[in-house]
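# Okay, predicted coordinates and the sequence, questions at the end:
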Amino acid sequence: MQTIDALQIMFLVMVLPCLVSCVQAKGNVYPLDSKYVKAEELNAELDKITQLNPELAEKRIIGFSSAENLPIYALQIGNKNASAAILVIGQHHGEEVIGVNVSLALAEKLLKNNPKEENQSYLLENYQVWIIPTLNPEGFRIVSSGMLRTKRKNNRDTNNNHKLDLRTDGVDLNRNYPMFWDMDPETEINSPYYKGSEPASESEIKAIIALAQQHNFALAIFLHSSISGVYSEKIYLPARGNGSELFQNTYILATIYAKEVKKDYLKGTYEVYEGPTSEVGNARNFFFYRMRTPAFLVEIGGNNKRGQSVIHPSNAMLEKIVNKNVKALLKVFEEMNKASKK
Ligand SMILES: [Zn+2]
């Protein structure tokens with residue numbers, strides 16, 4: 001009897017934690033693992049990154065969130081007098097936190113000055129790179145603090161009861177842009193995809209529109225990581241793809257990105273989705289049709305071999321995902337450099 005007890009204790013002490021961590025290693029970890037930047041750390045993190053090269057980087061506040069008036073931070077990197085700009089938004093949806101880490105790592109990479117990287121100095125001479133780690137500081141606060149794993153929208157009090165209903169309140173910021181907004185049927189306020197009371201009703205979206213009008217964006221990339229897994233590891237172009245030159249340029253840049261990134265758990269690389277994409281008021285449709293900016297959305301976060309969608313992987317996998325997506329972003333920028341040198 002005593003031997004069995006000893007064996008049981010051994011199992012509990014040694015084997016069980018290993019089993020748990022092995023399962024976690026390939027699945028979701030929530031509350032988020034330690035390497036995810038949390039909402040309360042973001043400001044200090046941005047200051048730290050800016051300090052890597054204060055001549056080339058400035059922390060900016062482009063606006064404030066709709067319900068809680070939280071600052072929407074941006075990093076402006078590169079030559080401020082450059083006429084062309086590039087935009088990367090790390091997050092629209094609260095639970096899609098990987099893009100926040102990717103965009104911060106991108107900023108760091110651009111600022112760790114390496115004079116031998118000719119492409120990088122050319123890029124920062126000729127473009128202003130605007131990096132917005134999160135456009136949804138309210139959703140980010142809820143998810144990164146461990147309050148709720150699946151919070152997509154901002155915290156607007158959509159049912160007007162003067163309190164925050166975590167699971168139902170809010171507007172889907174990527175349905176609130178003033179392009180194809182009318183075509184989106186989602187008017188149910190409790191839906192996670194609620195498009196808002198009118199186009200650009202949300203101050204987050206007003207802030208982006210103002211930024212888009214102030215700068216000449218030659219490219220806009222939006223990072224997501226959809227919780228359903230249906231869209232994972234694909235790149236989505238503006239709706240109603242057509243033969244225009246602008247669309248072709250967008251397609252070429254998206255393909256460069258896709259080919260660079262191996263899937264997290266399965267064989268092959270990311271793919272550019274070739275079917276029809278949503279005709280709703282989302283960022284890529286707004287930038288493409290209203291601003292004439294090549295624009296696409298990247299769905300990071302893969303399905304594992306058990307068919308489970310992993311959007312909150314543990315530290316080790318997060319690091320791999322961040323690195324390969326930063327590489328892909330730099331590869332796309334390199335292609336833009338080549339095109340602008342011609
Ligand atoms: Zn999303």
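Okay, I see it.
# For the stretch 1-150 of the chain, which residues are neighbours of the ion?
By the rule Cβ under 5 Å from the ion, the part of the stretch 1-150 of the chain lying against the ion is 93, 96. C-beta coordinates here come from the backbone N, C-alpha and C atoms, glycine included.
# For the ion, what's its nearest residue on the stretch 1-150 of the chain.
Evaluated by Cβ to the ion, the stretch 1-150 of the chain has residue 93 as its residue closest to the ion, separated by 3.8 Å.
# So which residues of the stretch 151-300 of the chain form strands?
217-224, 234-236, 271-272, 295-299 (DSSP state E, counting those that start in this stretch).
# Minimum distance to the ion: which of the ones you listed has it?
strand 217-224 (3.3 Å).
# Output that closest one as PDB, nothing but the C-alphas.
C-alpha atoms of strand 217-224 as PDB (Å, rounded to 0.1, in the frame of the first residue of the first chain):
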ATOM      1  CA  PHE A 217       0.000  55.700 -46.800                       C
ATOM      2  CA  ALA A 218       1.500  53.600 -49.500                       C
ATOM      3  CA  LEU A 219       0.700  50.400 -47.600                       C
ATOM      4  CA  ALA A 220      -1.600  49.400 -44.700                       C
ATOM      5  CA  ILE A 221      -1.400  46.000 -43.000                       C
ATOM      6  CA  PHE A 222      -3.800  44.800 -40.300                       C
ATOM      7  CA  LEU A 223      -2.900  42.000 -38.000                       C
ATOM      8  CA  HIS A 224      -5.600  39.700 -36.600                       C
END
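# Could you point out the longest helix of the chain?
helix 315-341 (DSSP state H).
# Flag every buried residue along that helix.
317-318, 321-322, 324-326, 328-337 (16 or more other Cβ atoms under 10 Å).
# Then stretch 185-200?
189, 192, 194, 195, 196, 199, 200.
# that older thread, which one of the strands of the stretch 151-300 of the chain is the most hemmed in?
For these, the largest average neighbour count (mean count of other Cβ atoms under 10 Å) is found in strand 295-299, namely a mean of 26.
# quick one: that strand to strand 217-224, angle?
Strand 295-299 and strand 217-224 are oriented at 20 degrees to each other (axes from the mean of the first three to the mean of the last three Cα atoms, to 10 degrees).
# in its sheet, what does strand 295-299 sit against?
According to DSSP bridges, strand 295-299 forms sheet pairs with strand 217-224 (parallel), strand 234-236 (antiparallel).
# okay if I get these as JSON lines plus distance to the ion and mean pLDDT?
Shown next, in JSON lines, are these (distance: least, Cβ to the ion, whole Å; pLDDT from 0 to 100):
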{"stretch": "strand 217-224", "distance to the ion": "3", "mean pLDDT": "98"}
{"stretch": "strand 234-236", "distance to the ion": "10", "mean pLDDT": "97"}
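# Any idea which of those strands gets closest to residue 67?
Closest to residue 67 of those is strand 217-224 (Cβ to Cβ; 21.6 Å).
# So which bits of the stretch 151-300 of the chain are right by the ion?
residue 224.
# can you pull out the helices in the stretch 151-300 of the chain?
Along the stretch 151-300 of the chain, the segments classed as helices by DSSP state H, counting those that start in this stretch run 203-214, 245-260, 283-290.
# Out of those helices, flag the one nearest residue 46.
helix 203-214 (16.2 Å).
# What residues sit buried inside that closest one?
In helix 203-214, counting by 16+ other Cβ under 10 Å, buried: 203, 204, 205, 206, 207, 208, 209, 211, 212.
# how far away is the last one from residue 27?
As for residue 212, its distance to residue 27 is 38 Å (criterion: Cβ to Cβ, to the nearest Å).
# Surely residue 228 and residue 307 touch.
No. Residue 228 is beyond contact range of residue 307, at 11.9 Å (criterion: Cβ atoms under 8 Å).
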